[in-house]
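Undergrad: one predicted model, sequence on top.
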Amino acid sequence: MQRRQLMKVSAAMAASLALAAGRARAAGGLPRGPASQPFSYAALKGQARALASDVYRPPTGRIPAPVAAMEWEQYQSIHYRPERALWIKEKVRFRASLFHLGGFYRAPVHIFEVVDGRSTAIPYDPTTFDFGKSGLDTARLPKDMGFAGFRLMYHTDWSRDVVAFLGASYFRAVGSSLQYGQSARGLAIDCGMDRAEEFPLFTAFWLERPDHESGRVTVYALLDSPSVAGAYRFDIVPSDTLTMDVDAALYPRRPIERVGIAPLTSMFLCGENDHRVRSDWRPEVHDVDGLAMWTGAGEWIWRPLSNPAELRVNSFVDENPRGFGLFQRDRNFDHYQDDIVFYERRPSVWVEPKGVWGKGAVMLVELPADDETGDNIVAFWNPAARPQRGQELLLAYRLHWGERLPAGSPLARVTATRTGLGGAPGQKRSYFSWRFVVDFAGGSLGLIARNATVEPIINVSRGVIESASARTLESINGYRAIFDLRPDVLGGAPIDLRLYLRADGEPLTETWIYQWTPPLRP
């Protein structure tokens, strides 16, 4: 097809999509247009661009008061009937079921099926749900109410989902453990700032029916918020490590001070390095335990997470990053002792950028948390150039979900971080210091001769390093680095620490970085 013809077809598709969206907005429900309409990703980008050129209008769909007022237990009792799953009759390798509105999820989402380049709206039908103990009167539910989101099942186990899109622009996936954990988002705006964060919404999804023998399914999404509109394409391949190829086209309505690309969201309550919350009987409680980064310059960095007493935001400046992610490295059940949610099975997620991302920073936001029910960790890429009104920002990246990820340093990696009071046990301490114990394993550490000189290379932003050493740790066939930090003053700004092991002038390990705030009093 010639370019001019393609432009005409794309324009016609964009017009039909915009017309459908306009009808949906006016009616507060699903489109009232033809049974099916042309669809393409190019047309969806055109729709997002058109949305961004107009003032933002919040979703107008209304849900009945009893639906909105449901308690969490009531909402959890509602289930999509498995025999009504999308594609169950087509005998393909995927099925989709839909989430009902209610509880926390009150923004109606419109869902379409795409077959042979044409989309058809999936209407809300109460008979497709088992309402359990929700107490809802299904006869009084409107027929154009919409949905909260959807989930996908794979042919290897129809009873368990592998991907779920639910709430704002949040979505989750599983690896071989079939265990959910951290979430990803389409976009983060003004996260970790001194004002309320803006949460863009996926307002509509298009699920493309997969080919009969295909192990890949494609999902499209329309994103909207006061600051930006966008179009997304997700190519999803379930496996031992599930992958998602994400393409996004963003159209800002106004300048955005802090935009978060490929944001990951998770929970860290307490770990071996941080016991600020001491009321829990379990030794560790977290979905992830560290931020991993592979910089554009080729350095591998590990930043253990913490649960700070107040908001903490770190920026790790980089250019053309090769990847970053939130990892659950500790896979030992004995370290958690939770036989209900099994934190040791939670998937890690690695973000692999495609193309040139330029200058910016991987940002880490850590929020104080008193229990495990809310997410308090966010990581994302923040480009140095602020998005401006009228721009088209095209981004592409791959998400890897699972326990075994494709990216990994050839150097030894951090396996544990522990902290506690410094000084010599049993002896009177004349001043306050804090001890850091960092274990490394893997790489070439197991091959190093016992009489070799291995140095801990340590840098701190302030204070004095004392009693630094590195010695073999046979239990992990690796090395343990130990040092005390004597702060110049108590309290004050956080202290940044940096450590790696070296032999014969060459690094043996990835770089461990940490941030520690001295107490106001010993």
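TA: Yep, that arrived. Residues are numbered from 1 along each chain as shown.

Undergrad: I'd like the distance between the closest residue in space to Glu284 that isn't next to it in sequence and Thr419.
TA: The spatial neighbour of Glu284 that comes closest, neighbours along the chain excluded (Cβ to Cβ, 6 or more residues apart in numbering), is Gly271 at 4.8 Å. For every residue, glycine as well, the C-beta is placed using N, CA and C. With distances defined as Cβ to Cβ, to the nearest Å, the gap from Gly271 to Thr419 amounts to 10 Å.

Undergrad: these two: who's more crowded?
TA: Between Gly271 and Thr419, counted using other Cβ atoms under 10 Å, the more crowded position is Gly271 (24 against 19).

Undergrad: residues contacting the more buried one?
TA: The neighbourhood of Gly271, defined by Cβ atoms under 8 Å, 6 or more residues apart in numbering, consists of Glu284, Val285, His286, Asp289, Pro304, Leu305, Ser306, Asp330.

Undergrad: go again with 6 Å.
TA: Remark: with contacts taken as Cβ atoms under 6 Å, 6 or more residues apart in numbering, Gly271 is in contact with Glu284, His286, Asp289.

Undergrad: got a markdown table for those residues, with secondary structure too?
TA: Conversion of those to a markdown table gives the following (DSSP: H, G, I helix; E, B strand; the rest coil):
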| residue | secondary structure |
| --- | --- |
| Glu284 | coil |
| His286 | strand |
| Asp289 | coil |
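
Undergrad: got a winner among these for most neighbours?
TA: Ranked by neighbours (other Cβ under 10 Å), these are led by Asp289, which has 29 neighbours.

Undergrad: residue contacts, that one?
TA: Taking Cβ under 6 Å, 6+ apart as the criterion, Asp289 is in contact with Gly271, Leu305, Arg329, Asp330.

Undergrad: which residues does the host helix or strand of Trp512 contact?
TA: Counting by DSSP states H and E, the secondary-structure element that holds Trp512 is strand 511-516. Residues lying outside strand 511-516 but in contact with it, judged by Cβ under 6 Å, 6+ apart, are Ile301, Trp302, Arg303, Val414, Val438, Pro494, Ile495, Asp496, Leu497, Arg498, Leu499, Tyr500.

Undergrad: go ahead and measure how far that strand is from the middle of the chain.
TA: Between the centre of strand 511-516 and the centre of its host chain there is 22 Å, according to Cα atoms, centre = their mean, to the nearest Å.

Undergrad: partners of that strand in the sheet?
TA: strand 300-304 (parallel), strand 495-503 (antiparallel) (DSSP bridges).

Undergrad: could you dump it to PDB, C-alpha only?
TA: Included here for strand 511-516 are C-alpha records, laid out as PDB according to Å, rounded to 0.1, in the frame of the first residue of the first chain:
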ATOM      1  CA  THR A 511      28.600  -2.100  42.700                       C
ATOM      2  CA  TRP A 512      26.600  -2.000  46.000                       C
ATOM      3  CA  ILE A 513      25.100   1.300  46.800                       C
ATOM      4  CA  TYR A 514      23.100   2.300  49.800                       C
ATOM      5  CA  GLN A 515      21.600   5.300  51.600                       C
ATOM      6  CA  TRP A 516      21.600   5.500  55.400                       C
END
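
Undergrad: number the residues from 141 up from this point.
TA: I'll keep to 141 as the first residue from here, and by that count the last item is strand 651-656.

Undergrad: what is the neighbour count of the nearest residue to Arg471 once chain neighbours are set aside?
TA: Excluding its sequence neighbours, the residue lying closest to Arg471 (Cβ to Cβ, 6+ apart) is Glu484, at 4.9 Å. For Glu484, the tally of surrounding residues (other Cβ under 10 Å) stands at 19.

Undergrad: for the strand or helix carrying Ala324, packing partners?
TA: Ala324 is located in strand 323-325, with elements delineated by DSSP H and E. Counting contacts by 3 or more Cβ pairs under 6 Å, 6 or more residues apart in numbering; DSSP states H and E, strand 323-325 packs against strand 310-313, strand 399-406.

Undergrad: phi, psi for the residue nearest to Glu424 please.
TA: Its backbone dihedrals place Gly411 at phi -150, psi -170, with angles given as degrees, to the nearest 10.

Undergrad: in the sheet, who's paired with it?
TA: In this structure, Gly411 has the following beta-bridge partners (DSSP bridges): Asp414.

Undergrad: thank you kindly, that will do.
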